[in-house]
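# below are the sequence and a predicted model for it; my questions follow.
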Amino acid sequence: MNYYVLKYQLQENYLKDRGKYRTEHLNLAKETAQTGTLVLAGAMDDPADEALLIFKALDNAAAKTFAEKDPYIKNGLVKEWSVRKWNVAVGDTQ
């Protein structure tokens, strides 16, 4: 298994407008986490201008599929997003 980071660059209106889509976004995240694919997820704080989602999978398809389904992206709360493989050097990778 490999780790992949899905990184969001958030719009300035993210905190103000996310409420309309938050339940749907969190449901998608919880469903993905239940499969064991999404390991950690959350927005950066002060300022809330980025979000990171960590996936554990054979390839980057799960992270890309999540992004394509995410209501935050579909509704313009994310300026841009990217997926990159993350080579973990230290930590519990089991």
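Cool, got the structure.
# mind jotting down where the strands sit in the chain?
2-10, 38-43, 50-57, 78-86 (DSSP state E).
# can you redo these as TSV with mean neighbour count, mean pLDDT and distance to residue 16?
C-betas here are computed from N, CA, C, even on glycine. Output for these, formatted as TSV (neighbours: other Cβ atoms under 10 Å; pLDDT from 0 to 100; distance: least, Cβ to Cβ, whole Å):
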stretch	mean neighbour count	mean pLDDT	distance to residue 16
strand 2-10	19	98	11
strand 38-43	16	97	13
strand 50-57	19	98	15
strand 78-86	14	98	14
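# so for residue 30, which of those strands sits nearest?
Ranking those by proximity to residue 30 (Cβ to Cβ) places strand 38-43 first, at 8.6 Å.
# residue contacts, residue 48?
10, 14-15 (Cβ atoms under 8 Å, 6 or more residues apart in numbering).
# I'd like the strands of the chain laid out as a markdown table, including distance to residue 66.
A markdown table is the format used below for the strands of the chain (distance: least, Cβ to Cβ, whole Å):
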| stretch | distance to residue 66 |
| --- | --- |
| strand 2-10 | 6 |
| strand 38-43 | 7 |
| strand 50-57 | 7 |
| strand 78-86 | 9 |
